[in-house]
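1. sequence first, then the predicted structure:
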Amino acid sequence: MERLASAIAILDDLIAFPTVSSESNLEMIVHLASLLSEAGAHVDLFHDSTGLKANLFATLGPEGPGGIVLSGHTDVVPAEGPGWSTDPFRLRQEDGRLYGRGSCDMKGFLAATLACLPDFTATELRRPLHFAFTHDEEVGCLGAQQLVRELQHREIAPAMAIIGEPTEMRIIEGHKGCNEYTTRFTGTQGHGSAPELGVNAAEYAARFVHHLLSLRDDLRAREPSESRFDPPWSTLNIGQIQAGTARNVLAGSAVVEWETRPVVATDAAFMRDAVRIFCEEVLLPEMRRIAPDACIETEIIGEIAGMVPMAANPARDLVAALTGETEAELVAFGTEAGLFQAMGLSAVICGPGSIAQAHQPDEFLEVPQLARCLDMLSGLARRLQSR
């Protein structure tokens with residue numbers, strides 16, 4: 001009970017940091033670094049190019065290759081809009097639930113790892129235990145991409161990673177990729193009474209979106225016969241469309257935010273080629289016949305590889321032994337796990353809370369879920385000390 005009370009107190013502190021992806025996470029990162037340093041961990045902070053965000057990588061135990069990474073992101077999605085019963089950045093405990101933005105996605109896991117620091121430091125660790133806390137997972141895993149490059153540069157080579165995304169403490173051994181894009185259209189402004197004299201960026205953006213939606217059928221037809229995902233094919237989503245200034249003015253610019261979640265890498269390549277060909281061979285020639293300077297530009301926000309299910313996966317087997325779970329599943333949502341897997345680590349996703357609560361008003365984490373996570377981590381401490 002003491003460990004659980006500690007985790008809830010830590011979670012209270014973490015929720016109070018409004019680490020929405022559009023804002024800095026530095027105050028929370030410094031707080032986390034302080035707790036880890038006080039426990040005797042060696043802590044490094046890696047700032048992004050703006051200096052307003054940072055990743056944290058900390059190590060307990062001996063230096064050298066091997067060991068385990070406990071991984072989680074510090075950023076949360078916005079908490080604006082209706083549906084919140086109380087302040088989203090103040091922990092509310094009610095009816096066995098812990099309410100607050102990030103409670104399950106995924107500050108609950110971070111709080112659990114910190115509450116177990118006394119377990120990890122009780123005796124000498126025989127293998128390194130690493131803590132990887134990143135920024136900007138929610139907007140393309142930007143922090144984890146930077147962190148992986150830094151670890152490779154420093155030749156830090158852990159053996160496995162446990163990513164504590166909310167899975168209700170079920171074992172997840174694979175997920176789809178997550179590729180996020182922003183496509184910008186530049187046309188010409190003009191009077192709505194003479195649309196033929198200008199290039200209405202809104203109209204070309206609409207045609208682009210229509211083409212994207214038509215590709216959904218192609219993706220579905222490409223479904224791998226052995227796919228275990230739900231749905232088993234690669235998906236596409238239009239997230240946001242912005243254009244124009246008034247109903248009687250030709251839109252000089254337009255923006256489409258969209259994403260794909262490929263089951264296999266060949267589907268990601270298929271989408272990139274299909275979009276490029278449609279823009280270069282269909283839309284742009286039409287636009288430039290009227291406005292030679294018209295353009296279409298697609299920015300890659302993030303192209304995150306999926307986590308590939310592996311027949312041999314020591315991280316999955318370890319978590320199975322710690323939790324008693326016997327089945328490993330796949331999910332459709334993306335995580336940072338694929339980045340660690342690409343480094344050569346075996347990886348598994350297992351954490352407290354339900355993905356159904358993530359990104360929702362009145363997001364909550366059930367207390368028994370947090371307790372189960374603490375049991376898993378304390379069991380991990382015993383294994384690290386005995387091996």
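-> That came in fine, so what should we check first? Numbering: from 1, shown residues only.

2. can you list the buried residues in the helix or strand encompassing E299?
-> Assigned by DSSP states H and E, E299 falls within strand 295-304. By neighbour count on 16 or more other C-beta atoms under 10 Å, the buried set for strand 295-304 is 296, 298, 301-304. Backbone N, C-alpha and C define where each C-beta goes, glycine included.

3. again, but for stretch 244-252
-> Neighbour-count burial for stretch 244-252 [16+ other C-beta under 10 Å]: 244, 250-252.

4. and stretch 199-219, by the same measure?
-> Going by 16+ other C-beta under 10 Å, stretch 199-219 has these buried residues: 199-206, 208-209, 212, 215, 219.

5. I figured E138 was touching S21, is that so?
-> Yes - shown here, E138 and S21 form a contact pair, counting by C-beta atoms under 8 Å, at 4.8 Å.

6. joint contacts of the two?
-> 75-77 (C-beta atoms under 8 Å, 6 or more residues apart in numbering).

7. let's have these in a markdown table, adding distance to G83, neighbour count and pLDDT.
-> Converted to a markdown table, these look like this (distance: C-beta to C-beta, whole Å; neighbours: other C-beta atoms under 10 Å; pLDDT from 0 to 100):
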| residue | distance to G83 | neighbour count | pLDDT |
| --- | --- | --- | --- |
| D75 | 20 | 23 | 98 |
| V76 | 15 | 29 | 97 |
| V77 | 13 | 17 | 96 |
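
8. what is the nearest of these to R127?
-> Ranked by distance to R127 (C-beta to C-beta), the shared contacts of E138 and S21 are led by D75 at 29.0 Å.

9. give me the nearest residue to F333, chain neighbours excluded.
-> I355 (6.0 Å; C-beta to C-beta, 6 or more residues apart in numbering).

10. do V256 as well
-> T183 (4.7 Å).

11. go on, G67?
-> Using C-beta to C-beta, 6+ apart, the closest residue to G67 is P128 (3.1 Å).

12. kindly provide the distance from that neighbour to A41.
-> 10 Å (C-beta to C-beta, to the nearest Å).

13. so what sits against both of these two?
-> Joint contacts of P128 and A41 (C-beta under 8 Å, 6+ apart) are 59-60.

14. I figured the residue nearest to G67 hits A58, correct?
-> No - contact criterion C-beta under 8 Å: P128 and A58 do not qualify, at 10.4 Å.

15. among the shared contacts of E138 and S21, which lie within helices?
-> Among the shared contacts of E138 and S21, no member is found in helices (DSSP state H).

16. ranges for the helices of the stretch 201-350 of the chain?
-> Taking DSSP state H, counting those that start in this stretch to define them, one finds helices in the stretch 201-350 of the chain at 201-221, 265-278, 284-290, 314-323, 337-342.

17. quick one: those as a markdown table, columns for distance to M169 and mean pLDDT too.
-> Listed next are those as a markdown table, based on distance: least, C-beta to C-beta, whole Å; pLDDT from 0 to 100:
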| stretch | distance to M169 | mean pLDDT |
| --- | --- | --- |
| helix 201-221 | 32 | 97 |
| helix 265-278 | 30 | 95 |
| helix 284-290 | 50 | 97 |
| helix 314-323 | 6 | 97 |
| helix 337-342 | 16 | 93 |
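
18. now do the SS call for E173.
-> strand (DSSP: H, G, I helix; E, B strand; the rest coil).

19. ok, back up a step: and of the shared contacts of E138 and S21, the nearest to D13?
-> Out of the shared contacts of E138 and S21, the member with the shortest distance to D13 (by C-beta to C-beta) is V76, at 14.3 Å.

20. what sits against the closest one?
-> 18-21, 101-102, 105, 107, 138.

21. again, only using 6 Å
-> 19-20, 101-102 (C-beta atoms under 6 Å, 6 or more residues apart in numbering).

22. not counting sequence-adjacent ones, nearest residue to it?
-> Nearest one to V76, counting by C-beta to C-beta, 6+ apart, is G102 at 4.0 Å.

23. state the phi and psi torsions of T186.
-> phi -120, psi 120 (degrees, to the nearest 10).

24. could you dump the buried residues of stretch 244-252 to JSON lines with distance to H153 and pLDDT?
-> Listed next are the buried residues of stretch 244-252 as JSON lines, based on distance: C-beta to C-beta, whole Å; pLDDT from 0 to 100:
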{"residue": "G244", "distance to H153": "45", "pLDDT": "92"}
{"residue": "L250", "distance to H153": "49", "pLDDT": "94"}
{"residue": "A251", "distance to H153": "44", "pLDDT": "95"}
{"residue": "G252", "distance to H153": "43", "pLDDT": "95"}
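
25. next step: those residues restricted to strands.
-> L250 (DSSP state E).

26. returning to that earlier point: so what pairs up with the residue nearest to V256 in the strands?
-> V256, T298 (DSSP bridges).

27. now stretch 207-217, how far from the centre of its chain.
-> 25 Å (C-alpha atoms, centre = their mean, to the nearest Å).

28. that older thread, would you list the shared contacts of E138 and S21 in a markdown table and tack on distance to L26?
-> Listed next are the shared contacts of E138 and S21 as a markdown table, based on distance: C-beta to C-beta, whole Å:
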| residue | distance to L26 |
| --- | --- |
| D75 | 12 |
| V76 | 15 |
| V77 | 19 |
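
29. which of these lies closest to T335?
-> Checking the shared contacts of E138 and S21 one by one against T335 (C-beta to C-beta), the nearest turns out to be D75, at 13.2 Å.

30. got phi/psi on the closest one?
-> According to degrees, to the nearest 10, D75 has phi -80, psi 160.

31. and the nearest residue to it once chain neighbours are set aside, how far is that from A79?
-> Sequence neighbours aside, S21 is the residue nearest to D75 in space, at 4.4 Å (criterion: C-beta to C-beta, 6+ apart). Here the criterion is C-beta to C-beta. By it, S21 lies 12 Å from A79.
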